[in-house]
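[1] Everything below, folded, please.
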Amino acid sequence: MPARPPAPTEGPPISAPFSQLELSFDREPEAELPARLRRLGLSNGTPVTLTRNRTVLVSWDARGGLRLHAGYAWAPDEVLEAIVRFISRKVPRRERLAARRRFLGFPVDRHVPSRRSRRERPPPPEHAPIVERLTRLHEILNQRHFDGSLASVPIRVSERMESRLGDFAAGDDRRSLGIGISLRHLNRDGWPAVTETLLHEMIHQWQCETGREVDHGAAFRHKARELGITARARAPR
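    Sure thing, here's the model as predicted:
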């Protein structure tokens, strides 16, 4: 009879080297992301910065280049191509909006958890009655002019706004984050003027929540005329 082969000797668990491989592999998609974007049409030399900001997933400017959430390193090419198209000024507006919807649908947090933003300081107690009245006013205007379709949003009173009368904040996931109203505007111009300003910001909220561009373009001006308010965004000098 042929001799039996020697019994295998025990060695280290085979899972150990694979766990090390996974740790190094996790960094590769992020390192390769700039090259993938350039293959899909991003201009050579454009800086690419990865963030973990869940509020602004993608942004671009001439100086800072492209900033995008690190979770997009795991996105398929069609999602990255949508980002490249979105930041291109040569692409028609309708196509840019379609591209935006495409990349916003990718679950970045599933691959790279976003950092939580720092909590804002609580508003001064004296602002509470004003905020309560603005919140109730938002509810009334929402029912009267938007059939109650707008989301309830936090409203804050700002002591820092001077030239601006109010502002509207939105996330890139088409979620309304809140409305701010200038305290100086309220003290100087009174509640009738502030009501118009709140309605102005609610038109921006309507733009955001219905998938329109949040701006002061033709759609905004048409809606403002429909509601009987002016389209100005700053205090008159």
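[2] so residue 97 makes contact with residue 213?
    Yes. In terms of CB atoms under 8 Å, residue 97 counts as a neighbour of residue 213; the distance is 7.0 Å. For glycine as for every other residue, the C-beta is placed from the backbone atoms N, C-alpha and C.
[3] The nearest residue to residue 134 once chain neighbours are set aside - how many residues pack around it?
    Of all residues not flanking residue 134 in the chain, residue 155 sits nearest, at 4.6 Å (CB to CB, 6 or more residues apart in numbering). By other CB atoms under 10 Å, the residues close to residue 155 number 21.
[4] What about residue 228, how many residues nearby?
    9.
[5] do residue 124 as well
    If you count neighbours by other CB under 10 Å, residue 124 ends up with 10.
[6] swap in residue 128?
    12.
[7] any idea how far the one helix or strand it maps to is from the chain center?
    Using DSSP states H and E, residue 128 maps to helix 128-146. Chain-centre distance of helix 128-146: 24 Å, with CA atoms, centre = their mean, to the nearest Å.
[8] neighbouring strands for the next helix or strand after that helix, and are they parallel or not?
    Counting by DSSP H and E, the element after helix 128-146 in chain order, helix or strand, is strand 155-158. Using DSSP bridges, strand 155-158 pairs in its sheet with strand 176-182 (parallel).
[9] A helix includes residue 207, no?
    Yes. Counting by DSSP: H, G, I helix; E, B strand; the rest coil, residue 207 falls inside a helix.
[10] Isn't it up against residue 220?
    Yes. Counting by CB under 8 Å, residue 220 is a contact partner of residue 207 at 6.7 Å.
[11] residues in contact with stretch 178-193?
    127, 130, 134, 138, 153-159, 161-162, 164-169, 194, 197-198, 201-202, 205, 235 (CB atoms under 8 Å, 6 or more residues apart in numbering).
[12] Quick one: residues contacting residue 168.
    Residue 168 makes contact with 176, 178, 179, 180, 201, 204, 205, 208, 214 under the criterion CB under 8 Å, 6+ apart.
[13] give me phi/psi at the closest residue to it other than its chain neighbours?
    The shortest distance from residue 168 to any non-neighbouring residue, by CB to CB, 6+ apart, is to residue 204 (4.0 Å). Per-residue torsions, residue 204: phi -60, psi -40 (degrees, to the nearest 10).
[14] any idea how the chain splits into domains?
    Per automatic domain parsing, the structural domains of the chain span 29-110, 125-227.
[15] any chance of these in TSV, with mean pLDDT too?
    As requested, the domains of the chain are exported to TSV (pLDDT from 0 to 100):
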stretch	mean pLDDT
domain 29-110	88
domain 125-227	90
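[16] can you give me the strands for the protein?
    48-51, 58-61, 65-69, 155-158, 166-170, 176-182 (DSSP state E).
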